[in-house]
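Q: Have a look at this fold, sequence not included:
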């Protein structure tokens, strides 16, 4: 009887350890994707609620798992970084900006980054978009950014 319990306990332990290893392996592509975003990006197009908006010199910078953003009128200041997570498994790939719980999708194509997210927030107030569009009257933001090869003023 004690042998059966011991064997069962070992089997359960091995199962949970293998699940932890699998979870770590799944996380590696996300880290690779985060690394691909590293650097500075400037907005070339911005649509909110179906209306084209002036991007106003909007600039994003990714460092590690934080996103910084500013506009040209921010006197060169970069506000505190906002943590974000990526999941490149679903199609389209998904992200979450944690400060405001904004849920979105993204596509990285060489030096162009397209993001689409719901400004209503992820606290049950707004769903993650599933297509890259911002319909009239919606709270969905669609931004296309281009990687900056020359560093923006610090």
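A: Perfect, I can see it now. Everything numeric in this text was worked out from a predicted model, so none of it was measured.
Q: Could you use CA atoms for every contact and neighbour count after this?
A: Fine.
Q: Packing partners of the longest strand seen in the chain?
A: The longest strand of the chain (DSSP state E) is strand 39-48. The elements that strand 39-48 packs onto, with contact taken as 3 or more C-alpha pairs under 8 Å, 6 or more residues apart in numbering; DSSP states H and E, are strand 51-53, strand 59-63, strand 140-147.
Q: Switch the ones you listed over to CSV; also include mean neighbour count.
A: Converted to CSV, the helices and strands packed on strand 39-48 look like this (neighbours: other C-alpha atoms under 10 Å):
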stretch, mean neighbour count
strand 51-53, 14
strand 59-63, 20
strand 140-147, 22
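Q: possible to save those as a markdown table with mean pLDDT and distance to residue 114?
A: Converted to a markdown table, these look like this (pLDDT from 0 to 100; distance: least, C-alpha to C-alpha, whole Å):
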| stretch | mean pLDDT | distance to residue 114 |
| --- | --- | --- |
| strand 51-53 | 95 | 15 |
| strand 59-63 | 92 | 12 |
| strand 140-147 | 96 | 4 |
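Q: could you point out where the chain is predicted with low confidence?
A: 1-32, 73-76, 122-125, 151-154 (pLDDT under 70).
Q: all strands for it, in order.
A: Assigned by DSSP E, the chain shows strands spanning 39-48, 51-53, 59-63, 66-70, 82-87, 93-97, 102-109, 112-118, 140-147.
Q: Show me how far the last one is from its chain's centre.
A: Taking the mean C-alpha point of strand 140-147 and that of its whole chain, the gap between them comes to 12 Å (C-alpha atoms, centre = their mean, to the nearest Å).
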